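> With the input below, show me the fold.
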Amino acid sequence: MSEPPQDATRPMPVVDTEKHPGTGKPPGTDQHRPPADGQPALSPDAHGSGRFWSARRVPAAIVALLTLGGAGLLLYDIVAVRTGHPAMYWRRELARQLAERHLDDIPVLAGAAFVTALGLWLILLAITPGLRNLLPMLRPRYDVRAALTRDAAAQVLRDRAVEVSGVREARVRMRRRRADVRVISHFRDPAEVRGDLDAALARAVTDLGMVRRPKLSVRLRGPGKKG
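Take a look at the predicted model:
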């Protein structure tokens, strides 16, 4: 049975020559250049990729609901007063308390501390990216971003560790700037296992391609005595 003829009119891939703002070069000019040392080619902004920003949906929704509820209640009370009805009890009581209490009273200081802490918490949420579980990776292109979860990075390091001859068990705890590796060896010389393990983990950290390479903290121990 003969193969069907290929479509000669199929469009060929086209390289977009639109320049990237701020660089003066089209995307792909230097990004697909073959590396000289066997390492993956990196874009000029590969080391400038920051952490992923969280949408902060829950804090934003809470603040929006509280603001909307407070503004609605206050607006309702103001309209009621303007139409000849008495002000709500909570507003009259709040005005009386503010008129009678001194600034150094415990309730006033406690309320001010609570409002200050709440404001600092909101400012902290606004200026920090969040998503601490995502570890940014190097960017081969300016328009491509990727990240590894801590569990995925730890699993990669664990798999590389157990591939080393003489390693019976490995546990990895991944942090933002450090990877704690705990290894149990058995039949080989511990010094040889440690040397091979350090080399394998160093290659694994490089292969992860993260913007900030974690420091390795490796602890090797024997299987322990039986009985």
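> mind listing what's buried in the top helix by length along the chain?
Secondary structure of the chain read by DSSP state H shows that its longest helix is helix 57-82. Neighbour counts over helix 57-82 (16 or more other C-beta atoms under 10 Å) mark residue 77 as buried. Bear in mind the C-beta positions are built from the backbone N, C-alpha and C, glycine included.
> swap in stretch 191-204?
Quick answer for stretch 191-204 (16+ other C-beta under 10 Å): 193, 194, 196, 197, 200, 201, 204.
> average model confidence for that stretch?
Mean pLDDT, computed over stretch 191-204, is 91.
> just the CA coordinates of it, formatted as CSV?
C-alpha atoms of stretch 191-204 as CSV (Å, rounded to 0.1, in the frame of the first residue of the first chain):
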residue,chain,number,x,y,z
ALA,A,191,33.9,7.9,51.3
GLU,A,192,33.3,6.7,47.8
VAL,A,193,29.6,6.9,48.2
ARG,A,194,29.9,10.5,49.4
GLY,A,195,32.1,11.5,46.5
ASP,A,196,29.7,10.0,43.9
LEU,A,197,26.7,11.4,45.7
ASP,A,198,28.1,15.0,45.8
ALA,A,199,28.9,14.8,42.1
ALA,A,200,25.4,13.4,41.2
LEU,A,201,23.6,16.0,43.3
ALA,A,202,25.7,18.8,41.9
ARG,A,203,24.7,17.7,38.3
ALA,A,204,21.1,17.4,39.4
